[in-house]
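Asker: Below: sequence and its predicted model.
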Amino acid sequence: MIGKVIGALVGRELDRREGGDGLKGMAIGAVVATGMRRLGPLGLALGGAYVAKKAFDRSRAARAASRPTARP
């Protein structure tokens with residue numbers, strides 16, 4: 001179940017980056033979920049690390065955008 005959730009998140013991230021209609025992200029998410037199942041715990045760790053990195057980068061970018069710029 002966790003593999004399917006991570007596969008869906010990976011598919012959504014890739015589809016968001018490509019700007020597609022959702023079908024490509026869904027297909028990639030299904031392939032990722034299958035790959036994670038075949039790799040076992042290593043696949044789960046790799047998929048989770050990818051999603052965590054994307055979430056961290058997005059929050060860091062949002063924080064940087066909301067921070068006021070210093071004037072010299």
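Answerer: Cool, the structure landed. Residues are numbered from 1 along each chain as shown.
Asker: how close does the nearest residue to residue 24 once chain neighbours are set aside get to residue 29?
Answerer: Leaving aside its sequence neighbours, residue 24 sits nearest to residue 15 (C-beta to C-beta, 6 or more residues apart in numbering; 5.8 Å). C-beta coordinates here come from the backbone N, C-alpha and C atoms, glycine included. Note on residue 15: its distance to residue 29, by C-beta to C-beta, to the nearest Å, is 8 Å.
Asker: Pick out whichever of the two has more residues nearby.
Answerer: Higher neighbour count among residue 15 and residue 29: residue 29, with 23 against 19, using other C-beta atoms under 10 Å.
Asker: Any figure for the gap between the spatially closest residue to the more buried one that is not a sequence neighbour and residue 50?
Answerer: Nearest residue to residue 29, sequence neighbours excluded (C-beta to C-beta, 6+ apart): residue 11, at 2.4 Å. Here the distance between residue 11 and residue 50 works out to 11 Å (C-beta to C-beta).
Asker: out of those two, which sits in the busier spot?
Answerer: Per other C-beta under 10 Å, whichever of residue 11 and residue 50 has more neighbours is residue 11, with 22 against 16.
Asker: Tell me how far whichever helix or strand that one is part of lies from the chain's centre.
Answerer: If you go by DSSP states H and E, residue 11 is part of helix 2-18. The chain centroid and the centroid of helix 2-18 are separated by 5 Å under C-alpha atoms, centre = their mean, to the nearest Å.
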